[in-house]
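Undergrad: Sequence first, then the predicted structure:
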There are 2 protein chains.
Amino acid sequence: MASLKEILTTVGTIFEQESFLSEPKELYEPIEYTLRLGGKRIRPSLVIAANQMFGGSDEEVHNAAIGIEVFHNFTLLHDDLMDKSPLRRGKETVYRKWNENTAILSGDTMFALAWRYYLKQPHPQLQEILNCFNETAIGVCEGQQYDMNFESCNDITINDYMEMIRLKTAVLLAGALKIGALYAQAPKEDVERLYNFGIHFGLAFQLQDDLLDAYGDVAVFGKQTGQDIRDNKKTYLPLRAMELASQTDKEELKKLFTNFDGDAEEKVSRVLAIYSHINIQEEVEKAIEKEMNMAISELNAIKIDEERKQPLRELLNTMQGRQS
Amino acid sequence: MASLKEILTTVGTIFEQESFLSEPKELYEPIEYTLRLGGKRIRPSLVIAANQMFGGSDEEVHNAAIGIEVFHNFTLLHDDLMDKSPLRRGKETVYRKWNENTAILSGDTMFALAWRYYLKQPHPQLQEILNCFNETAIGVCEGQQYDMNFESCNDITINDYMEMIRLKTAVLLAGALKIGALYAQAPKEDVERLYNFGIHFGLAFQLQDDLLDAYGDVAVFGKQTGQDIRDNKKTYLPLRAMELASQTDKEELKKLFTNFDGDAEEKVSRVLAIYSHINIQEEVEKAIEKEMNMAISELNAIKIDEERKQPLRELLNTMQGRQS
């Protein structure tokens, strides 16, 4: 049994050894650049962790692990273009370093390259694995669309928001776990529990991401803080704030998120001031804890040796004190 | 044995009966719009024609036929955005009717939807079929990148150009045929010949498309003529013209395609004037005929009853007097 740390090291090595360069270089250099930016590599690690949990042979899922990370980075590349984000992991985004067309086409190619990894080797349940991968991809696209819709919509509920982040973020983490378990031919009900674990972990992960956007350390977080506020993103923070704020703060918040055309930095600091009045940080932490507890219940219910669950327990522990 | 016309009718019915609408509607309405624009539906017809040629059961490839058309329309949707084309089949393109982000994300989703059709049913050679589909997709992306590279490159040869259109256009037509034949479990060498037939037919098809861009009837062709000239696209026409034109014409052509900042319509008519000096139309027709003859040779070499080749012979005949 490898620990989560050992799995992360394995994944790091896999990516160091993999080259994404090919011809035409104008197409593949942005892909290589994107996949060399690093990142936490959580999704490929989840594929391997889930596979090992059910006695898989590790190497059999290396391609699936690479494939899911390539897919994830494709979605980031297109999201950065759609959101016009200047930075990703502290470096220029592809559409800024090259141009918009390069970002579109290199992204499209990454999606196909992800499939190439999934199609490298046979497996008795290949069709089910590929279906899981593809339905995950469709979920991520739908989640991104809801996210964009929310920007111009002023009656989003916390439920709407949780459904959006389930699609945009959680299904991919859950899908990574399911794929790893399917490769190991895990029992159906355990695959389901592991998927649900991934959903709740994913929701907790995204809520923490929202929190870091407002309160993270820019050097560690790797992107500008307050970007969600600048973009009028109705994340858990403003949605919960609208429920808890005083009448005056509520009206100001509404104005700041809809028709404020002053300085963006002033907007960020005014929103943060309201957040601090109602101690929003603690509110988000409570929501994160709720999802974490549900994830733990699903993990507890899986009928395998406790020792085999260790990497996923470690994963849950990394959420405490997460900075990036 | 269904004739090509009957196959086209079948494909038309398949698309009439298929809905692409789902939630969120902001994501799926542009997809439904794109797939309702019509078009010739050549690629899905090729899937069915090839399948039937080798005794396939027709229904077994309906999903693959839909999938390839969804994929093709995804590439058109993103190409129109990258090329900033205002019209597609005489109607507004998605990025104009909605916006750029919608075009990006609806396109991404179409790629995943295409996969969903391919994953609907099992097949003993599913992995090979999916590999063919995916390598085709990668080829199309590479072809589009070469096409974009050529815009800012002034030493493109006709060979470079033929390789670009092989990737951008021909591999998808060839891939459609190969997929249909694989579903019918055709002999390996016939699958290869059919693929080569598709490549040569595809090259002829694209050369004719280039010709129609300059000389087509806008009402029938469904898009503005002269767009390639406006975009400085080094298609077969200017590349061959540069080989055949007088020194004066050659210099003017070079200037028009590199640093002409006058009125676009004036540019189009000046380029067309040079084309007519050297009878470029006849030159392109010769190149088309060469590819058509190579396609015919491949088709002749396939070891099945002549009757079974009829739909593909009809396909070749449609190239005569093609207007759109």
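TA: Structure's in. What do you need?

Undergrad: drop to CA atoms for contacts and neighbour counts, all remaining ones
TA: Will do.

Undergrad: Residue A:233 touches residue A:151, doesn't it?
TA: Yes - Residue A:233 is in contact with residue A:151 according to CA atoms under 8 Å; the separation is 5.8 Å.

Undergrad: Looking at the two, which is more packed in?
TA: Set side by side, residue A:233 and residue A:151 give different neighbour counts by other CA atoms under 10 Å in any protein chain shown, the larger being at residue A:233 (19 against 15).

Undergrad: part of a strand, is that one?
TA: No - with DSSP: H, G, I helix; E, B strand; the rest coil as the criterion, residue A:233 is assigned coil and is not in a strand.

Undergrad: give me the element the residue in the stretch 101-250 of chain A that chain B sits nearest to is part of.
TA: Closest to chain B within the stretch 101-250 of chain A is residue A:101: 5.5 Å, counting by CA to the nearest CA. When elements are defined using DSSP states H and E, residue A:101 is found to belong to helix A:100-118.

Undergrad: What average pLDDT does that helix get?
TA: Averaged across helix A:100-118, pLDDT comes to 98.

Undergrad: ok, now stretch A:2-11?
TA: For stretch A:2-11, the mean pLDDT works out to 95.

Undergrad: can I assume residue A:54 is in contact with residue A:183?
TA: No - taking CA under 8 Å as the definition, residue A:54 is not a contact partner of residue A:183, at 9.2 Å.

Undergrad: If you count surrounding residues, which of the two has more?
TA: Each of residue A:54 and residue A:183 has its neighbours counted (other CA under 10 Å); residue A:183 has more, 27 against 22.

Undergrad: pretty sure the more buried one contacts residue A:128?
TA: No - look at residue A:183 against residue A:128 with CA under 8 Å: they stay out of range, at 9.9 Å.

Undergrad: Which SSE is immediately downstream of the helix or strand of chain A with the lowest mean pLDDT?
TA: One helix or strand of chain A scores below all others by mean pLDDT, DSSP states H and E: helix A:218-221, with a mean of 66. Sequence order places helix A:227-230 as the next helix or strand after helix A:218-221, per DSSP H and E.

Undergrad: what residue ranges in chain A are flagged as low confidence?
TA: Under the criterion of pLDDT under 70, the regions of chain A flagged as low confidence span A:219-223, A:321-324.

Undergrad: Quick check: residues of it near chain B?
TA: Taking CA under 8 Å from any CA of the partner chain as the test, the list of chain A residues beside chain B reads A:23-24, A:26-27, A:78, A:82, A:101, A:104-105, A:108-109, A:112-113, A:115-116, A:119, A:122, A:127, A:130-131, A:134-135, A:137-138, A:141-142, A:145-146, A:149.

Undergrad: And the next helix or strand past the helix or strand where residue A:252 lies?
TA: In the assignment (DSSP H and E), residue A:252 maps to helix A:247-258. Beyond helix A:247-258 in the direction of the C-terminus, DSSP H and E gives the next helix or strand as helix A:264-277.

Undergrad: Any buried residues in that following helix, and which?
TA: Along helix A:264-277, these residues count as buried under the neighbour rule (16 or more other CA atoms under 10 Å in any protein chain shown): A:264, A:267-268, A:271-272, A:274-275.

Undergrad: So which other helices or strands are in contact with the longest helix along chain A?
TA: When every helix of chain A is counted residue by residue (DSSP state H), the longest turns out to be helix A:188-215. Where contact means 3 or more CA pairs under 8 Å, 6 or more residues apart in numbering or on different chains; DSSP states H and E, helix A:188-215 is packed against helix A:158-165, helix A:171-183, helix A:227-230, helix A:236-244, helix A:280-301.

Undergrad: Can you give the distance of the longest one from its chain's centre?
TA: Helix A:280-301 has its average C-alpha position 17 Å from the chain's average C-alpha position, going by CA atoms, centre = their mean, to the nearest Å.

Undergrad: can you state the direction angle for it and helix A:236-244?
TA: Helix A:280-301 and helix A:236-244 meet at an angle of 110 degrees, taking axes from the mean of the first three to the mean of the last three CA atoms, to 10 degrees as the criterion.

Undergrad: in helix A:280-301, what counts as buried?
TA: Within helix A:280-301, the residues that count as buried by 16+ other CA under 10 Å are A:280-281, A:284, A:288, A:291-296, A:298-299.

Undergrad: what does the helix or strand following it contact?
TA: The C-terminal neighbour of helix A:280-301 among helices and strands, as given by DSSP H and E, is helix A:310-318. The set of residues that contact helix A:310-318 without belonging to it, under CA atoms under 8 Å, 6 or more residues apart in numbering or on different chains, is A:2-4, A:49, A:201, A:292.

Undergrad: of the residues you listed, closest to chain B?
TA: residue A:201 (24.4 Å).

Undergrad: what's the neighbour count on that closest one?
TA: Neighbour count of residue A:201, defined by other CA under 10 Å: 26.

Undergrad: do you know how far it is from residue A:122?
TA: Computed as CA to CA, to the nearest Å, the residue A:201 to residue A:122 distance reads 30 Å.

Undergrad: what is the orientation angle of the longest helix of chain A with helix A:280-301?
TA: Here helix A:188-215 runs at an angle of 170 degrees relative to helix A:280-301 (the same axes, to 10 degrees).

Undergrad: ok now helix A:188-215, how far from the chain's centre?
TA: Using CA atoms, centre = their mean, we find the averaged C-alpha position of helix A:188-215 to lie 9 Å away from the chain's own average C-alpha position.

Undergrad: by how many degrees do that helix and helix A:158-165 diverge?
TA: Here helix A:188-215 runs at 110 degrees with respect to helix A:158-165, directions being taken by the same axes, to 10 degrees.

Undergrad: What residues sit buried inside helix A:188-215?
TA: If you call a residue buried by 16+ other CA under 10 Å, then helix A:188-215 has these buried ones: A:190-214.

Undergrad: Same check on stretch A:59-66?
TA: Of all the residues in stretch A:59-66, those buried under the rule 16+ other CA under 10 Å are A:60-66.

Undergrad: cool, and stretch A:159-172?
TA: In stretch A:159-172, residues buried by neighbour count (16+ other CA under 10 Å) are A:161-162, A:164-172.

Undergrad: re the thing from before, please indicate which of the residues of chain A next to chain B are buried?
TA: The neighbour-count test (16+ other CA under 10 Å) applied to the residues of chain A next to chain B identifies A:26-27, A:78, A:82, A:101, A:104-105, A:108-109, A:112-113, A:115-116, A:119, A:127, A:130-131, A:134-135, A:137-138, A:141-142, A:145-146 as buried.

Undergrad: Just give the nearest non-adjacent residue to the spatially most central residue of chain A, would you?
TA: Central residue check for chain A by CA atoms, centre = their mean: the C-alpha nearest the mean position is that of residue A:169, 4.4 Å away. Distances taken as CA to CA, 6 or more residues apart in numbering or on different chains put residue A:202 closest to residue A:169, at 6.2 Å, once the chain neighbours are dropped.

Undergrad: For the one you found, which residues are in contact?
TA: Under the criterion of CA under 8 Å, 6+ apart, the neighbours of residue A:202 are A:166, A:169-171, A:173-174.

Undergrad: so which of those residues comes closest to residue B:94?
TA: Proximity of the contacts of residue A:202 to residue B:94 was ranked by CA to CA; the top entry is residue A:169 with 26.5 Å.

Undergrad: which residues does that closest one contact?
TA: Under the criterion of CA under 8 Å, 6+ apart, the contact list for residue A:169 reads A:140, A:143, A:202-203, A:206.

Undergrad: Could you check how far it is from residue A:6?
TA: 24 Å.

Undergrad: same question, residue A:32
TA: Relative to residue A:6, residue A:32 is positioned 24 Å away (criterion: CA to CA).

Undergrad: Compare neighbour counts for the two and give me the winner.
TA: The residue with the greater number of neighbours, taking residue A:32 and residue A:6 and applying other CA under 10 Å, is residue A:32; the counts read 18 against 13.
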